[in-house]
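[1] Model the following, please.
(one chain, ligands or ions: 1)
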Amino acid sequence: MKVSFYGAAREVTGSCILIESQEAKFLIDSGMFQGLNSYEKNLEDFGFDPKEIDFVLLTHAHLDHSGRLPKLLKNGFNGKIYSTKATRDLTEIILKDSANIFEKDLRIPLFNFADVLKTMELFQCFNYEDEIAFKNIKIKLKDAGHILGSTIFEVFLEGKKLVFSGDLGNHNAPIVRDTEFIDSGDIVFTESTYGGKIHEKREKGVLELLNTIKEVIQKDSVLLIPSFSIERTQEILFEINKFVENKEIPFINIFLDSPLAIKATEIYENYKNIFDNEAITLINSGDNIFDFKGFKKTKKIKDSKEILKNHGAKIIIAGSGMCSGGRMPSYIARFGKDRNNVILLNSYQAEGTLGKKLENRERIFINDKEIIIKAKVKKIDSFSSHADSLKLTEWVLKMNPQKVFINHGDEEESLALKKKLEKDIKDVVVPQMKNSYEL
Ligand SMILES: [Zn+2]
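    You can find the predicted model right below:
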């Protein structure tokens, strides 16, 4: 059989691995490229014929893993997309959100709303531990612990066992369960987002969040939390819910102003059966982990205007996580000028984004107007949804594989992980885009 890499090769976006065996041709993910020159890259041909693909294994809903599925279908793919139910539901809201964004763009859209609806019809869903059979190929799903529904795929074919990590979750992440460790694998494909880095302890970030909320209550000011709609927002709500229920903070108004995050939270509420023990224990004790005193969701723009009328201390959670879109930039323009307010970054900020400029204290322009930021800008580094270098290494070595392919990481991160793994495994490869290998 043959493996080829059509995305996320020495970069973090555009995940797409092609396996060609005697039995079938299939993909692991069909993700969108994001960042520099991504518009052109996303419009390019796949490099293989989508008509010949029998099925896609979708590891999770994030756009950089699912975002080219509608294009795959438009270019002739008519097989099945195998995933968990939670992945399907989250993928649907993410793709529809993208179709909406494309509609407002003057350039040729990658896909439209109708393409998304057709894509959703191709999904066939499974639970963790289920076994999928396609001819003589057997596939098992394991929990990756990265976001709700995220999956590690074990694929048994031609006498070999292949393991695909998708994105692996961080230690002690709330709500989702811990990443499953796999006992064995001949050929392992692993992500390497943090292939060379070690995360700070999560508790440090939780304490920082608590202290920052206390600070804005005391100053009667505004806390802005730019947040990714899926997983990060639910995790932050989970932590604030605990502060409120445990009476660690006095009353404060908390607004979630992101239609996508609100929809994602509703989907999370439908899949409590796959939450971790801590979340399930809280729910069984009668607590709604995504709702608490002072919490309001604002779905419409007119509701957002209500937030501005609200006086006193408040927390506003809105997209995007890097302040590069969504409603957060307008809140930064409005509240960033006051030295009593706080902007709390809590995720990786890519080069060129508004979030990165805030982090670096560079000049800020919103809608072509310079905004002099006097608010305090803080950053929490320990809320990552990705495994760090230690966990990735441990996860791979447990399987004692003959060969490891490293993808989904900036080049230096992938090479750092390669160096670590090579102490124990001889054959470790960091493929380039469009590289193929016989297995
Ligand atoms: Zn992801």
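[2] Please list all residues in contact with the spatially most central residue of the chain.
    A centroid search over the chain (Cα atoms, centre = their mean) returns His62, at 4.8 Å, as the residue closest to the centre. Contacts of His62 were listed using Cβ atoms under 8 Å, 6 or more residues apart in numbering, and they are 31, 94, 147, 167, 230. For glycine as for every other residue, the C-beta is placed from the backbone atoms N, C-alpha and C.
[3] got it, and Ala86?
    Neighbouring residues of Ala86 by Cβ under 8 Å, 6+ apart: 61, 148-149, 267, 270-271, 274.
[4] How about the host helix or strand of it and the ion, any contact?
    Taking DSSP states H and E as the criterion, Ala86 maps to helix 85-104. No. Helix 85-104 lies out of reach of the ion by Cβ under 5 Å from the ion, never closer than 10.7 Å.
[5] Likewise for stretch 320-327?
    No. Counting by Cβ under 5 Å from the ion, no contacts exist between stretch 320-327 and the ion, the nearest distance being 12.2 Å.
[6] Just checking the distance from that stretch to the centre of its chain.
    Distance, stretch centre to chain centre, for stretch 320-327: 14 Å (Cα atoms, centre = their mean, to the nearest Å).
[7] Run a quick check on Lys398 versus Thr179, I expect a contact.
    No. Look at Lys398 against Thr179 with Cβ atoms under 8 Å: they stay out of range, at 10.9 Å.
[8] which other helices and strands contact the lowest-mean-pLDDT helix or strand in the chain?
    Ranked by mean pLDDT, DSSP states H and E, the weakest helix or strand in the chain is helix 301-309, scoring a mean of 83. Packed against helix 301-309, as judged by 3 or more Cβ pairs under 8 Å, 6 or more residues apart in numbering; DSSP states H and E, are no other helices or strands.
[9] So the nearest residue to Phe238 once chain neighbours are set aside versus Lys242, what's the distance?
    Of all residues not flanking Phe238 in the chain, Pro174 sits nearest, at 4.9 Å (Cβ to Cβ, 6 or more residues apart in numbering). To Lys242, Pro174 is 9 Å away according to Cβ to Cβ, to the nearest Å.
[10] How about Phe290?
    12 Å.
[11] What mean pLDDT does stretch 335-349 get?
    For stretch 335-349, mean pLDDT is 95.
[12] separation between the residue lying closest to Ser221 once chain neighbours are set aside and Ile217?
    Distance criterion Cβ to Cβ, 6+ apart; nearest residue to Ser221, sequence neighbours excluded, is Asn340 at 3.9 Å. Going from Asn340 to Ile217 by Cβ to Cβ gives 12 Å.
[13] Which is the succeeding secondary structure element to the helix holding Ala86?
    Trace forward from helix 85-104 with DSSP H and E and the next one is helix 113-120.
[14] The following helix or strand past that following helix: which residues count as buried?
    Next in sequence after helix 113-120, counting helices and strands by DSSP H and E, comes strand 123-126. Neighbour-count burial for strand 123-126 flags 123, 125-126 (criterion: 16 or more other Cβ atoms under 10 Å).
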